[in-house]
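> model this:
(2 chains)
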Amino acid sequence: MTALFPQATPAPFTLDHDLLEVSMGPHHPSTHGVFRMNVTLDGETVVKLTPVFGYLHRNHEKIAEQNSFLAAIPYTDRLDYICSMTNNCAYVLAVEKLASLQVPERAEYIRVIVSELTRLFNHTCLAGFLLQDMGALGTPLMYAFREREHVLDLFESLSGSRMMCNFMRFGGCRCDLPAGWIEQAATVTDRYSLFLDEFEALLTDNEIVRARTEGVGVLPADLAVNAGVTGPMLRASGVNYDIRKVDNYGVYGRFPFRVPLGEHGDTFDRYMIRILEARESLAILRQALREIPDGPVIDPKAKLRNFRPKPGEAYGRIEAPKGELGFFLISDGGPNPYRFRIRPPSLINLTILEDMCRGHTIADVVVILGSVDIVLGEVDR
Amino acid sequence: MQTLQQLKPRIEAAIQGVSLEIIPNGSPANPPSLLVDRPHGRAVAEWLRDDPETRLDYASNVTGVDWPEKTVKEKTRVRKSIQGLDKEVEEIVEKKTPGFLEAVYHLYSMALKHGPLVLRLRTENRSDRAALPSLTPVWRSCELQEREVFDLFGIQFQGHPDLRRILMWDGFADFPMRKDYVPPADDDPGRPNP
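Next up is the predicted model:
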């Protein structure tokens, strides 16, 4: 019998091994969208990581160049679909720079309020996603989403849409706040403050969170600056650069908020910076809701239809929750932009993904990617 | 930050043989830009990053612009003798300006908190081989953005460590952000996603 079924001779046991290439994505749960990473592993350790983009590419820039300046606003909602309000703000800021338009004070305050509400829920949802990537399935994310829903209710009563707000216009906002909105917003702000305390009590000193994040994915400050990393990622590495402070766009000069900075530049700092920034946003919100003046919300001279700015170019940028969101516009005097460019913070923050992941285990890659905070609608445009 | 008019002689003194031009901006509230010739693009970028007064350590935005060939009609007054009489006549002359591709860099300083300085590089023509020096060795933030400009505009960045298509797929032949790009028709059998 043994002759009929020869047993395979087992390979001699050696410590030699090959590298393993793993394709994570495009539908891997950690990628929150369609994004692929080709990871080369030595055992469990990452040797090489190549991100692959483009699964959601629709050439937003070309679409915008074929439409009028006004028609590009609803498209910007779909960039970073969690933060449509700040996308609107960045685009109208660039157009206002291009055409030298003035914005009424009440509209500037409304922009600050909706931007900070956006930053608030973006940061808490990111913390929820990060925890989800670590294996805390559901609970932290659903807590964050529960609070986000109250802000989305506010946005819905303001603009008619929960997520695709399409609310900003050149020279102001589309409409004024409905009656009682400021009181509701103040209630949501107070509630959010309590929620942040609860959230932090659950997470910040959690042993598993600490073990999985401290010292993981360290990003040195000089590399972060050179690689153009912006937003909470940059400040977690200890670089004091917040465009709200540097450019003082809108009425941000009137708000004495602090810029939290990290010390180590690791994943835990990136988590903590977001919680601290959310607290600063609450302070800005309280002040803005108290001080918002009466008046018009859009410059009566602002022309929305048949808007033709003079030939020229402008680059407008804001501190979006994910980093520097900029719009570069060239006008040739026609009704549509000659060149429409978006500077996507999510894409550029991925430049150093490989540098952060090299030497860590494949389980850490998931956590590091989660701490970068990307939205694929913006990465691929 | 020093204005471009102040910076220009300093760069010219520091880098031999560089040719710079200040491109005015039609929108007066926004800054003009600095056009650098191709061979010295990298040297000027390094100078801007390392000069202690300028220190533009952060390249925020990199993008391409397509300027196709243009014919401009110009009216000129010419003296001519018509039927023996010396007269001044208006003549319309058609002038052709050659097309080119442009890479635009918005530079800021995180250390000194100033900016932007708008740097421009222009290719010789609009062919598929049109090339510019890559500034990725100077600022890493240009890495993915220059790849995108190569993908959508077709500018070859010389010295880029990994110049591949980024948003379009590898077998794609055209450059969609160019002004003369024609997308495939809806019933085109070669269309990738019908």
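> output stretch A:240-252 as PDB - backbone C-alpha positions only.
Extracted C-alpha coordinates of stretch A:240-252, given in PDB (Å, rounded to 0.1, in the frame of the first residue of the first chain):
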ATOM      1  CA  ASN A 240       2.100  75.100  15.400                       C
ATOM      2  CA  TYR A 241       0.300  75.800  12.200                       C
ATOM      3  CA  ASP A 242      -3.400  76.400  12.200                       C
ATOM      4  CA  ILE A 243      -4.700  78.300   9.200                       C
ATOM      5  CA  ARG A 244      -7.500  79.800  11.300                       C
ATOM      6  CA  LYS A 245      -4.700  81.500  13.200                       C
ATOM      7  CA  VAL A 246      -2.200  82.100  10.400                       C
ATOM      8  CA  ASP A 247      -4.600  83.500   7.800                       C
ATOM      9  CA  ASN A 248      -7.200  84.900  10.100                       C
ATOM     10  CA  TYR A 249      -9.800  84.400   7.400                       C
ATOM     11  CA  GLY A 250     -13.400  85.500   8.100                       C
ATOM     12  CA  VAL A 251     -13.900  86.600  11.700                       C
ATOM     13  CA  TYR A 252     -11.600  84.000  13.300                       C
END
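> mind jotting down where the strands sit in chain A?
Along chain A, counting by DSSP state E, strands occupy A:20-24, A:36-42, A:45-52, A:168-169, A:172-173, A:312-320, A:323-331, A:339-343.
> ok, which of those strands comes nearest chain B?
strand A:312-320 (2.8 Å; Cβ to the nearest Cβ). For the C-beta atoms, the positions are set from N, CA and C on the backbone; glycine is no exception.
> list the neighbouring strands of the closest one plus their orientation.
strand A:323-331 (antiparallel) (DSSP bridges).
> quick one: pLDDT of the closest residue to A:Y241 other than its chain neighbours?
Distance criterion Cβ to Cβ, 6 or more residues apart in numbering or on different chains; nearest residue to A:Y241, sequence neighbours excluded, is B:M110 at 4.9 Å. Note on B:M110: pLDDT of 89.
> now do the contacts for B:M110.
For B:M110, the contacting residues are A:V225, A:V239, A:Y241, B:D57, B:Y58, by Cβ atoms under 8 Å, 6 or more residues apart in numbering or on different chains.
> measure it to A:G43 for me?
Distance of B:M110 to A:G43, given as Cβ to Cβ, to the nearest Å: 38 Å.
> so for A:H27, what's the pLDDT?
pLDDT, read off for A:H27, is 75.
> tell me, how many residues neighbour it?
11 (other Cβ atoms under 10 Å in any protein chain shown).
> next up, the contacts around it.
Contact analysis of A:H27 by Cβ under 8 Å, 6+ apart lists A:V34.
> just to revisit the earlier point, out of the contacts of B:M110, who's the most crowded?
B:Y58 (27 neighbours).
> quick revisit: just send the contacts of B:M110 back as a markdown table, with distance to B:G99 too.
Shown next, in a markdown table, are those (distance: Cβ to Cβ, whole Å):
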| residue | distance to B:G99 |
| --- | --- |
| A:V225 | 36 |
| A:V239 | 40 |
| A:Y241 | 38 |
| B:D57 | 34 |
| B:Y58 | 31 |
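> out of these, list just those in helices.
Counting by DSSP state H, those place A:V225 in helices.
> check the contacts of B:M110 against B:I166 and report the nearest one.
Nearest to B:I166, judged by Cβ to Cβ, of these is B:Y58 at 21.2 Å.
> now do the contacts for the most centrally placed residue in chain B.
Chain B has B:E102 as the residue nearest its centroid, 2.1 Å off, counting by Cα atoms, centre = their mean. The contact partners of B:E102, taken as Cβ under 8 Å, 6+ apart, are B:G64, B:V65, B:D66, B:W67, B:R120, B:L121, B:R122, B:T123.
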